[in-house]
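Enquirer: Pasted the sequence and its predicted model underneath.
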Amino acid sequence: MTLFFAIHGISQNNNVVSAALEYQKYETEFYGQNFNKAKEHLIEAKKFIDPAMTHESTKMDAKAHYYNVMINFGLLEISGRDESNELEAFTKNPDSILNVISSSIEIAGTKRRWKGETDDFFNKKIIQSVSMGEMMFEAKNFELSFYAFAGAYQVKKIAKLEEERINRMKTNAIIAARNYIDTLEKTGETETALEFVSKGLEVIPGSEDLAIAGVNLALANNDLETAEEFFNVAAEAAPDNKVLFSNMGSIYLTVADKAYNEFVQMNISDEGYEEKSEEVEYLYAKAETHLKKALEIDGEYAEAAYNLGVLYLGRADKLRTTASQMDLNDQNYNKTMMESQEMYKKAIEPLEIYIATDPHNVGVLNVLFQVHRNAGNDDKAMEYRKRAQEAEAGQGAE
């Protein structure tokens, strides 16, 4: 029995050696840009190393795991250049490969020699990527510069290097990406820019900068649905970015007003009337949600407060106009008037937040006078009327 295990142990050690030789051939072909031959050697290397990863004699061997790190990293490295999809079986789940690499780094690190070899391997990859990124940036090939710096960023994350170095590579990648996006925008290639942002987010998942760029590009392309998809990525990456939520709320408010103006031109018998009505409600609800979120983040954020107040005032005016066009005996008349009153009341809080930052704004002071009077808050109404008159007089004296 002992002889049996010894023979199999020797067999697995031979597999590790064979995997190492195939990997060396892979590197030679890869750097010679013979990617098809490189792929063949890498697949062979994986066939040799995989059995060693499960056999008792080698599954905790530092040297074996060092080669396992390089071979699996090679799969990620060459997968983007594989047009035949022959590597799809290995790379369809990149996260699982990253987990394999991470586990093998830990085991390789149990022996000083192989920890050093592993660190050297990743440092070499980083130096290559950074050099390529800098060279491409100088040549104004910002797309390749992005992928080179992003590659260095990914290597640093896999190798668990210092956080400062990781963030520096990410910053470099984003700078290159912004330059590439700006270049595409100037030449009117918005669709190409949007595709790049989507690919960029696959390389650097959750990037706030890339996602916001995607929002702006999609809006410039009048594609609100895509803008919302990118916005969701940005919001998840930066849940405390009040400007992001405020801007998106303002955009939805503008789109909602436009949709409403189209809706009021329709007759109830027109095709698509109900759908348009639902669209208007949906857009106003999205605007309200985003603006309220901005105020949750910063309860004194004037821009969000002003736009939320404008939203409620606009909705109140529209509902009152709708009610004025109804027969007084219409069962919906009182309901619509009550909804209008509620919207006027809702406008008070955000507008009072705003007026605290712009206390002499005559227009907003007059609005607050009106909404407080409509709400039956006579003392408050007169206070704002007095303030509006004083502010108006002060402006006239200047």
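Expert: Okay, I see it.

Enquirer: shaky segments in the stretch 51-200 of the chain?
Expert: Along the stretch 51-200 of the chain, the model assigns pLDDT under 70 to residues 80-94, 160-165.

Enquirer: residue ranges for the helices of it, please.
Expert: Here the stretch 51-200 of the chain has its helices, by DSSP state H, counting those that start in this stretch, at 62-79, 88-91, 94-108, 112-138, 142-159, 163-186, 190-203.

Enquirer: looking at those, which is closest to residue 363?
Expert: For those, the distance to residue 363 is smallest for helix 163-186, at 35.7 Å, taking C-beta to C-beta. All C-beta atoms are positioned from the backbone trio N, CA, C, and that covers glycine.

Enquirer: which residue is nearest the centroid of the chain?
Expert: In the chain, the centroid-proximal residue (C-alpha atoms, centre = their mean) is residue 233; its distance is 3.0 Å.

Enquirer: For residue 125, see how far away that one is.
Expert: Per C-beta to C-beta, to the nearest Å, residue 233 is found 28 Å from residue 125.

Enquirer: do the same with residue 192
Expert: Distance of residue 192 to residue 125, computed by C-beta to C-beta: 29 Å.

Enquirer: Of the two, which one has the most company?
Expert: residue 125 (20 against 16; other C-beta atoms under 10 Å).

Enquirer: Spit out the contact partners of the more buried one.
Expert: Contact analysis of residue 125 by C-beta atoms under 8 Å, 6 or more residues apart in numbering lists 73, 151, 152, 155.

Enquirer: need the contact list for residue 253.
Expert: Each residue near residue 253 by C-beta under 8 Å, 6+ apart is listed here: 284, 287, 291, 307, 310, 311.

Enquirer: returning to what we had before: nearest to residue 47, of the contacts of residue 125?
Expert: Distance to residue 47, by C-beta to C-beta, is smallest for residue 73 among the contacts of residue 125, at 16.8 Å.

Enquirer: show me the contacts for the residue lying closest to that closest one once chain neighbours are set aside.
Expert: Distances taken as C-beta to C-beta, 6 or more residues apart in numbering place residue 101 nearest to residue 73, at 6.0 Å, with adjacent residues excluded. By C-beta under 8 Å, 6+ apart, the contact list for residue 101 reads 68, 69, 72, 73, 158.

Enquirer: same thing but at 10 Å, please
Expert: Counting by C-beta atoms under 10 Å, 6 or more residues apart in numbering, residue 101 touches 65, 68, 69, 70, 71, 72, 73, 75, 76, 158, 159.

Enquirer: and of these, the nearest to residue 355?
Expert: Distance to residue 355 across those (C-beta to C-beta) is lowest for residue 158, with 53.1 Å.

Enquirer: In this structure that closest one contacts residue 69, no?
Expert: Yes: if you go by C-beta atoms under 10 Å, residue 158 and residue 69 touch, sitting 8.8 Å apart.

Enquirer: more crowded one of these two?
Expert: residue 69 (26 against 19).

Enquirer: thinking again about what came up before, quick one: closest of the helices of the stretch 51-200 of the chain to residue 56.
Expert: In terms of C-beta to C-beta, the element of the helices of the stretch 51-200 of the chain nearest to residue 56 is helix 62-79, at 12.0 Å.

Enquirer: Can you check what angle separates the closest one from helix 142-159?
Expert: 160 degrees (axes from the mean of the first three to the mean of the last three C-alpha atoms, to 10 degrees).

Enquirer: relative orientation of helix 62-79 and helix 112-138 in degrees?
Expert: Orientation check (the same axes, to 10 degrees): helix 62-79 against helix 112-138 gives 20 degrees.

Enquirer: Among the contacts of residue 125, which one is most surrounded by other residues?
Expert: Of all the contacts of residue 125, residue 152 has the most neighbours under the rule other C-beta under 10 Å, reaching 27 neighbours.

Enquirer: Highest neighbour count among the contacts of residue 253?
Expert: Within these, most neighbours by other C-beta under 10 Å means residue 291, with 30 neighbours.

Enquirer: what helix or strand does that one sit in?
Expert: helix 273-297 (DSSP states H and E).
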